[in-house]
Each structure stands twice: as structure tokens, then as C-alpha cells.
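Asker: show me the folded form of this:
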Amino acid sequence: MSDKICIAAIAGSFGVRGEVRLKSFTASPEDVATYGPLSTKDGKRSFDVKITGQIKNGLSARLTGISNKEQADALRGVQLFVDRDRLPSLPDDEFYHADLIGLEVFDTGGTSLGRVKAVLNHGATDLLEIHGPGLKSTVLLPFTQAAVPTIDLSSGRVIADPPDGLF
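Answerer: From the prediction side, this is the model:
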């Protein structure tokens with residue numbers, strides 16, 4: 001598990017006064033500003049975030065040290081991270097996406113199916129993108145209790161009971 005978790009990304013500038021378009025990856029998008037300073041992946045830059053409004057596909061926000069459109073545009077694509085210990089603890093049946101990526105997936109018989117490459121959500125439910133050496137392409141496994149009955153973070157394993165024909 002990583003010590004830093006990506007909770008937002010900058011999508012570019014918003015207006016001419018240094019505001020940015022912010023994509024929040026938190027459960028409640030506005031909560032991104034409550035975690036304190038957010039840093040870049042390398043930790044070289046840190047920003048306090050103040051949400052200024054909701055916009056299409058995200059939020060508008062002010063970041064400390066960013067005062068004009070050019071500075072905001074230069075941050076396009078930058079991911080913003082927070083230390084894991086500043087995130088709230090989760091109930092036993094909930095997981096941070098970052099914790100699932102890289103886990104090995106086994107079927108209920110113990111056969112390796114691959115590894116979790118990504119966690120996707122297209123509206124209805126989360127999907128685990130499984131990638132493995134025996135697969136022609138990635139497989140999207142519904143992240144439901146029926147299809148994924150067990151996740152053991154301590155041993156880095158996911159036990160899956162995929163629908164027939166998926167693998």
C-alpha cells in the first residue's frame with residue numbers, strides 16, 4: 001500500500017484569475033479541500049485548496065501560489081496527493097481503489113486469474129480491470145459481493161467467483 005493517495009487532478013485553468021478546474025476523486029467531491037495541503041506526486045509542490053464552485057465535470061478551485069491563468073494552465077494534468085494517514089478509516093467492506101490495484105486475483109479454486117490493473121466506474125457499479133499473462137485482453141470483473149466475495153489486503157489477494165464465461 002502506498003503512503004500517498006491521489007485524491008484529485010488538475011484539469012486546467014478556469015477563468016483568468018488563477019482558478020483551476022479540479023477533478024476530485026473523494027466520495028464527496030467538495031471534501032477534497034478538507035484534507036489540508038495537497039502535494040504533487042514527487043512532493044516538491046504543495047497547495048492549500050479552496051473550492052470556489054461546481055462546474056461541469058468537476059470543481060473550480062483556488063490553489064495557494066497560483067494567481068494567473070498561465071500558472072493554472074501549467075498545472076494541467078498534475079495529480080494531487082495526500083498522506084494515507086489523513087484519510088478516514090473505512091468499514092471492513094469498503095476499500096480505497098489504490099489498495100486494490102496490483103492485488104493478485106484467484107478464483108474460488110485457487111487458480112490465478114491475473115492482477116487488478118485498475119478500478120473503473122461507469123455508473124452502475126465498480127469494475128475491476130484484470131490483466132494477466134494468460135488473457136488475450138483485460139477482463140472487467142464486476143466488483144460486487146457475488147463476484148468478489150473476499151479481499152485480503154494483508155496477503156495481497158482477491159478471491160473471485162466470476163460469472164461463467166468471463167475468463
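
Asker: okay, CA-based contacts and neighbour counts for the rest of this
Answerer: Will do.

Asker: per-domain residue ranges of this structure.
Answerer: Taking automatic domain parsing as the reference, the chain has its domains at 4-86, 97-160.

Asker: got these as TSV, with mean pLDDT, distance to Phe167 and mean neighbour count columns?
Answerer: Below are the domains of the chain laid out as TSV (pLDDT from 0 to 100; distance: least, Cα to Cα, whole Å; neighbours: other Cα atoms under 10 Å):
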stretch	mean pLDDT	distance to Phe167	mean neighbour count
domain 4-86	93	30	17
domain 97-160	91	7	16
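
Asker: nearest to Leu166, out of those domains?
Answerer: When those are compared by Cα to Cα, domain 97-160 sits nearest Leu166, at 7.4 Å.

Asker: how far does stretch 55-75 stretch from start to finish?
Answerer: Length of stretch 55-75, first residue to last, Cα to Cα, to the nearest Å: 18 Å.

Asker: show me what the longest helix seen in the chain is packed up against.
Answerer: When the chain is parsed with DSSP state H, its longest helix is helix 69-74. Here helix 69-74 touches strand 4-14, strand 19-24, going by 3 or more Cα pairs under 8 Å, 6 or more residues apart in numbering; DSSP states H and E.
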